[in-house]
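J.: Okay, here's the prediction I keep looking at, along with the sequence it came from:
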Amino acid sequence: MQTINAAEILRHKPPFRFVEQVILTSENRAMALVPANPPATKWAACPELSVLPVEYAAQVMGVLIRSRLGDTFASGVLAGITEFAWDFMAESLQSVELRHSGTRGAFHDFKAEFLNRNGIVCAQMAGFVHLSPGDGHRTPVQVDVPEDAPIYDVTNYQRDGDQITMSVCMRRDCPVYAGHFPDAPLTPGVLIAEMMLEAASHNRPGMGLRRLNDLVFKSPLLPGDVAELKLKEHAPNRFSATLLRGGKRLARAKLELDHVPAAASSLSSDLISS
């Protein structure tokens, strides 16, 4: 086994680096503890029914694959989620364990399990990251953004029957960009997924994510971008979502909502005004 300091490999910086140490248990497997108290964010739902664990796994996978390939300067992003599902939601997460399950060119597949403090698997995930060769150097950039700065602005929120549409403008002073990434700010895939969750659960008190399927990112969402988010409810609490910019699809996904456990905190995001 080998313990690696994530800060030495990942491009992520606080407040968007959630994994500090990654233990490589074999050539294709790794694990890490996750934050006992995730940083307070305006964009993440309660930990029990959020998409945030996806980012924990993506960061562990980033450390694993860079270490395996010997290219710690490589640039990697979460490219898609085949499935993320909550199985057991009564206890807080404690760790994530994953294995590198295959390589398709620059895409690297992985499967992950999220365990609670009792060692019970409470969530599972299958996804893939895209890794680009490193250029051999990184230029540190100091980004000074207030932690309480708005994440994004929502306009034209409309619901018509089973259809939801809204316009989203990514704030250039969004604090997430201070850590993702300081040298080349890019909207995290998990934030896009949480935007979809926020739109789907709006005016549905106590609802959060049960399952996220077929999430694919086609093009990046950058600071200052204005995009359109469209959702359709195909069955009670089951949605398809599409994010577009200038008519071009940036991302798509399928979401299924469920009731937040009674012991869980209420949804913390409050980005869409009624």
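T.: Great, that's in hand.
J.: Any idea how far stretch 106-123 is from the middle of the chain?
T.: 14 Å (C-alpha atoms, centre = their mean, to the nearest Å).
J.: and that stretch, what's its mean pLDDT?
T.: Across stretch 106-123, pLDDT averages out at 93.
J.: same deal with stretch 51-67?
T.: pLDDT averaged over stretch 51-67 gives 93.
J.: try stretch 167-182
T.: 88.
J.: which of the residues in that stretch are buried?
T.: Neighbour-count burial for stretch 167-182, with 16 or more other C-beta atoms under 10 Å as criterion, is recorded at 168, 170-171, 174-182. For the C-beta atoms, the positions are set from N, CA and C on the backbone; glycine is no exception.
J.: Can you measure across it, start residue to end residue?
T.: 26 Å (C-alpha to C-alpha, to the nearest Å).
J.: For Arg104, see how far away Ser26 is.
T.: 21 Å (C-beta to C-beta, to the nearest Å).
J.: Between the two, which has more neighbouring residues?
T.: Neighbour count, other C-beta atoms under 10 Å: between Ser26 and Arg104, Ser26 has more, with 11 against 8.
J.: For that one, list each beta-bridge partner.
T.: The partner list for Ser26 in beta bridges (DSSP bridges) reads Arg29.
J.: okay, it: pLDDT?
T.: For Ser26, the model assigns a pLDDT of 94.
J.: now do Thr41
T.: 56.
J.: Ok, the one 5 residues further on next?
T.: With respect to pLDDT, Cys46 scores 62.
J.: Would you confirm that Thr25 contacts Ile4?
T.: No - assessed by C-beta atoms under 8 Å, Thr25 is found out of contact with Ile4, at 11.7 Å.
J.: Please say which of those two ends up with more neighbours.
T.: Using other C-beta under 10 Å as the criterion, Thr25 and Ile4 rank with Ile4 on top: 20 against 14.
J.: Check which helix or strand the more buried one maps to.
T.: Using DSSP states H and E, Ile4 sits within strand 2-5.
J.: List the neighbouring strands of that strand plus their orientation.
T.: In the sheet, strand 2-5 lines up with strand 21-26 (antiparallel) (DSSP bridges).
J.: so where's the stretch 101-250 of the chain shaky on pLDDT?
T.: 134-149 (pLDDT under 70).
J.: farthest-separated two in the buried residues of stretch 167-182?
T.: Val168 and Pro182 (22.6 Å; C-beta to C-beta).
J.: which residue ranges form the strands in the stretch 51-200 of the chain?
T.: 75-86, 93-104, 107-116, 121-132, 152-160, 163-170 (DSSP state E, counting those that start in this stretch).
J.: Pipe these into a markdown table and attach distance to Leu255 per row.
T.: What follows is the strands of the stretch 51-200 of the chain, written out as a markdown table (distance: least, C-beta to C-beta, whole Å):
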| stretch | distance to Leu255 |
| --- | --- |
| strand 75-86 | 10 |
| strand 93-104 | 20 |
| strand 107-116 | 18 |
| strand 121-132 | 14 |
| strand 152-160 | 15 |
| strand 163-170 | 11 |
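J.: Please identify which of those strands is closest to Pro205.
T.: Closest approach to Pro205 among the strands of the stretch 51-200 of the chain is made by strand 152-160 (15.6 Å; C-beta to C-beta).
J.: what's the angle from the closest one to strand 163-170?
T.: Here the directions of strand 152-160 and strand 163-170 differ by 170 degrees (axes from the mean of the first three to the mean of the last three C-alpha atoms, to 10 degrees).
J.: For strand 152-160, which strands pair with it and how are they oriented?
T.: strand 163-170 (antiparallel).
J.: So Arg171 versus Leu64, what's the distance?
T.: Distance from Arg171 to Leu64, by C-beta to C-beta: 32 Å.
J.: got it, and His100?
T.: In terms of C-beta to C-beta, His100 sits 6 Å off from Leu64.
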